[in-house]
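# here you go, sequence then predicted model.
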Amino acid sequence: MKSRQFGLFKLTKTDFFSKPLFLFFVFFGISLSAQAYSPNTAGNVGDKDFESTGIRTSIVAAPEFKQKGLFTRSPAKKTPKEQLEYAQELEKNKKYKAATKAYDALVYEWPTAAEAPTAQLGVARTLELREKRLQAFKEYQYLINNYDVRHLPNGILFTDILNSQFRIANHYLMKIENSFLGTGSIGADGVAEAFAQIARNAPEWERASECLLRRGLAYEAVGRNAEAIFEYEDLVGRYAGTQVANEALYRAAIARYHVATKAKRDEKTLRNTLVAMSLAIQADPTHQYAEATKIHKEQIQEILTALLFEKAQFYDKIKPNKTAALISYKSFIKEFPNAKEASEAKKRIEELEAQVNQ
């Protein structure tokens, strides 16, 4: 567990209420209270390779260390054991708001007590029960950051904490998918960062790859296809050959298809889309999206064919250059021998060769 530093101050009544010093301690106390709930922008546990892309400040990071300040709520009981039992009784009676405060008071007052991890879990759990999901996610993260979550008391499992975070992140993902432009949620960036944090917490967890897939889904849901493609293809690089990776291949192909249909004159984009689709179909020809992907592939193939034939015609008729036209037509035939424009291309090759050889 990370170390904490607690300052102890001994002041006389006269010294404390001298105006400058009094103001200093007022602001100091406010600062401590605010600090306890300020976002922590650093990644905390696990593999740094799971850092999110394009997100400067995390809105799902855990609070800073909980240090008791001038305005921190005091426990209702005299010992950590009694305070924990008190908070648990409040939760049992469904007094969740009061239970949250009671659990939190224990963590602030006795952060190194044996009961502190259980109390911190209680903070997160009761916040989630109150549907304060974003706060709950952060408090679960605080538990992971500051306590030995692999040896928690009372049968608490690390995977249970991860599943709780996953459940919250997925809730916000569903809000994006089921609302107009993702309104009413923490946004695609927030959802992506939540799943990234879970993956950082446990890179070897069986659902870590699924977390990366859902990061891509968050961006795809709001039409940010370039970022979705990055996430999907990053997942494939990490977990190649798995079922989740095959799903990501198809999602990347779909996202590239949407990009390509808006960039019909970009040869590189069209070719990359065809490659992505071929890789997906090859990896899992029986996938639920296989047939739709084959249809989309034919559409992109037709767009690319028309573009390259138009390129050859440009050198042939609009800006005459017989050598360049010949090269373009021959390249076209070699790549698309069965295209509907192939017969016209072959005819022009014969005519141009005859003119060049005169």
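Ah, there it is. Residues are numbered from 1 along each chain as shown.
# for the stretch 51-200 of the chain, what are the low-confidence residue spans?
Confidence mapping of the stretch 51-200 of the chain against pLDDT under 70 gives the ranges 51-57, 179-184.
# now the helices for it?
80-92, 96-109, 116-129, 133-146, 158-177, 187-201 (DSSP state H, counting those that start in this stretch).
# mind listing what's buried along the host helix or strand of Glu291?
Taking DSSP states H and E as the criterion, Glu291 maps to helix 290-313. Neighbour-count burial for helix 290-313 flags 293, 296-297, 300-301, 303-305, 308-309, 311-313 (criterion: 16 or more other C-beta atoms under 10 Å). C-beta here means a position set from N, CA and C on the backbone, and glycine is covered the same way.
# and these, which is closest to Lys322?
Ala312 (11.5 Å; C-beta to C-beta).
# got a list of what Lys264 touches?
Going by C-beta atoms under 8 Å, 6 or more residues apart in numbering, Lys264 touches 270, 303, 307.
# check the secondary structure at it for me.
Secondary structure, DSSP: H, G, I helix; E, B strand; the rest coil: Lys264 is coil.
# now for the buried residues of helix 290-313, which pair is the farthest apart?
That would be Thr293 and Gln313, which, of those, are the farthest apart (C-beta to C-beta) at 30.2 Å.
# coming back round to it: for the helices of the stretch 51-200 of the chain, which one ends up most surrounded?
By mean neighbour count, with neighbours taken as mean count of other C-beta atoms under 10 Å, helix 187-201 ranks first of these at a mean of 26.
# C-terminal to that one, what's the next element?
Following helix 187-201 toward the C-terminus (DSSP H and E): helix 208-221.
# counting by contacts, list what the next helix or strand after that following helix packs against.
Note on helix 208-221: by DSSP H and E, the next helix or strand toward the C-terminus is helix 225-239. Counting contacts by 3 or more C-beta pairs under 8 Å, 6 or more residues apart in numbering; DSSP states H and E, helix 225-239 packs against helix 208-221, helix 243-260.
# turn these into CSV, including mean neighbour count and mean pLDDT.
Below are these laid out as CSV (neighbours: other C-beta atoms under 10 Å; pLDDT from 0 to 100):
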stretch, mean neighbour count, mean pLDDT
helix 208-221, 24, 96
helix 243-260, 22, 96
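# now distance to Glu233 too, for these, in CSV please.
Formatted as CSV, the helices and strands packed on helix 225-239 follow (distance: least, C-beta to C-beta, whole Å):
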stretch, distance to Glu233
helix 208-221, 9
helix 243-260, 5
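# name the nearest residue to the spatially most central residue of the chain, ignoring sequence neighbours.
Computing the C-alpha centroid of the chain and ranking residues by C-alpha atoms, centre = their mean puts Ala192 first, at 1.9 Å. Setting aside the residues directly before and after it, Ala192 is nearest to Arg215 in space (C-beta to C-beta, 6 or more residues apart in numbering), at 4.2 Å.
# the one you found and Ser58, how far apart?
If you measure Arg215 against Ser58 using C-beta to C-beta, to the nearest Å, the figure is 13 Å.
# same thing with Arg73?
26 Å.
# which one's more surrounded, these two?
Ranked by neighbour count (other C-beta atoms under 10 Å), Arg73 and Ser58 place Ser58 first, with 22 against 12.
# distance check, that one against Asn246.
Ser58 is 30 Å from Asn246, by C-beta to C-beta.
# same thing with Leu143?
34 Å.
# also Asp266?
27 Å.
# ok, now Asn146?
38 Å.
# thinking again about what came up before, pull the distance from the helix holding Glu291 to the chain's centre.
32 Å (C-alpha atoms, centre = their mean, to the nearest Å).
# that one vs helix 243-260, what angle?
Orientation check (axes from the mean of the first three to the mean of the last three C-alpha atoms, to 10 degrees): helix 290-313 against helix 243-260 gives 40 degrees.
# and the closest residue to Asn170 other than its chain neighbours, what is it in contact with?
Leaving out its chain neighbours, the residue that sits closest to Asn170 by C-beta to C-beta, 6+ apart is Arg214, at 7.0 Å. Contacts for Arg214 (C-beta under 8 Å, 6+ apart) come out as 169-170, 173, 191, 195.
# with Ala255 instead?
216, 220, 225, 228-229, 232.
# now tell me which of the buried residues of helix 290-313 the prediction trusts least.
Minimum pLDDT across the buried residues of helix 290-313 is recorded for Ala312, with 71.
# is it true that it touches Ala342?
No: using C-beta atoms under 8 Å, Ala312 is not in contact with Ala342, being 11.5 Å away.
# who touches both of the two?
What both Ala312 and Ala342 touch, as defined by C-beta under 8 Å, 6+ apart, is the set Phe332.
# chain neighbours aside, what residue packs nearest to Gly216?
Glu231 (3.6 Å).
# ok, now how distant is the one you found from Ser209?
11 Å.
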